[in-house]
Structure formats: structure tokens, C-alpha cells
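Student: When you get a sec, could you give me coordinates for this:
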Amino acid sequence: TKHSVDMKFMETNQWMASVGGYSSSKLIGISFFELVHAQDIGNVQKSFKNLKECGQCETSPYRLLCYGGGYAWVQTKACLATARRGCNKGQTISCSHQQISEVMNRDEILSIIQMKKKTFAPSESHAMETQIVKTDISKKTSSLNNKEEILFEAPEPVHFEI
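Tutor: Residues are numbered from 1 along each chain as shown. Presented below is the predicted three-dimensional model:
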């Protein structure tokens, strides 16, 4: 995979799709560290600190979170690449990932990035109806001394994408 210096995906490979289940479009612009299991992130970040200092690094085995649930044990080698003279693209990071295990615990969602896109519409029983609310505006402003009816219309049901 190819990353910017802040480890956001610039390019992915077939391995990420076949093992991790992530399409290129899902990962471009996302930080690599979002795919690392929370208990492993400290060790992976230490390895990448070496990348900054030495120009290359190798992680200890860590759990890569898979799309749809679960994780696979992976080890990553990374190197810092500087663009050719005359090219203003700056530095990039190239990573090669070696899969150590099959995908494990496929039924566990450990991060929001693993969640498959679903559409959710609130059920009709939860939909709000138009309500008439009486309020005493005189308590809120000194210029009005009478009660008024205020009509609030409920918005259309909202469809959420997760």
C-alpha cells in the first residue's frame, strides 16, 4: 500500500481487498492506524517512529481489523520514499503487509470502520407528529404579556447511513 507521510492511504492493493475486505474507495484518505487493533496501536506506532528516523521499519505482528468484522494477524514492512527531483509530490510511505493468520473472530466489530454500510429509517411508531405547544412567552420576554400557541411541525423521517 502507498501512504502519505501522515499514513493516510493513497493507494491500496488487491491484498487489502481480498484479506481485509476493504475497497480502494473506502480506504483512500483514511489513516492506516484506524485499521490497527486498539491493543496493538502503541507497538505499531513505535515501529513507525523508526521509519521517520531511519527511513524504514518493520512492525511486530499486530491485528489488522477486517471490513465486516474480525481481524487478521499481520506484519508490515515500510519504507520512506522521496519523490524524484523536480517532482513536487514530496515523500510517501510504501508498505508491504504479510498475513500471518486467517481472519479470526469474524463476528466481532471492534471499530466503526469495520461496519458495513446500512440504511436505517426510524420506524413509523417513532415518527413524531405535528404538535401544538403552549408556552408562556411573557416569562421569556418583558414585551409580551400574553400566552401564544406555537405550532411545531415534525421533520420528515431521516435516513441514516452507517
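Student: quick one, longest helix in the chain?
Tutor: helix 41-54 (DSSP state H).
Student: Give the buried residues for it.
Tutor: Val44, Ser47, Phe48, Leu51 (16 or more other C-beta atoms under 10 Å). C-betas here are computed from N, CA, C, even on glycine.
Student: Could you export those residues as TSV, including pLDDT and distance to Thr76?
Tutor: Listed next are those as TSV, based on pLDDT from 0 to 100; distance: C-beta to C-beta, whole Å:
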residue	pLDDT	distance to Thr76
Val44	94	8
Ser47	92	8
Phe48	90	9
Leu51	87	10
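Student: Show the low-confidence segments of the protein, by residue range.
Tutor: 83-89, 117-162 (pLDDT under 70).
Student: Please enumerate the strands of it.
Tutor: 2-3, 9-11, 56-58, 62-65, 71-82, 91-99, 119-120, 131-135, 148-152, 160-161 (DSSP state E).
Student: any chance of those strands in TSV, with mean neighbour count and distance to Arg106 too?
Tutor: Formatted as TSV, those follow (neighbours: other C-beta atoms under 10 Å; distance: least, C-beta to C-beta, whole Å):
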stretch	mean neighbour count	distance to Arg106
strand 2-3	16	26
strand 9-11	17	23
strand 56-58	16	27
strand 62-65	24	11
strand 71-82	18	9
strand 91-99	16	15
strand 119-120	9	22
strand 131-135	9	45
strand 148-152	9	46
strand 160-161	8	23
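Student: relative to strand 71-82, how tilted is the longest helix of the chain?
Tutor: 20 degrees (axes from the mean of the first three to the mean of the last three C-alpha atoms, to 10 degrees).
Student: of the buried residues of helix 41-54, closest to Tyr62?
Tutor: Val44 (5.2 Å; C-beta to C-beta).
Student: check contacts around Ser101.
Tutor: The contact partners of Ser101, by C-beta atoms under 8 Å, 6 or more residues apart in numbering, come to Ala72, Trp73.
Student: Gln91 now?
Tutor: Val5, Leu80, Ala81, Thr82, Ala83 are the contacts of Gln91 under C-beta under 8 Å, 6+ apart.
Student: Kind regards, and thank you for your time.
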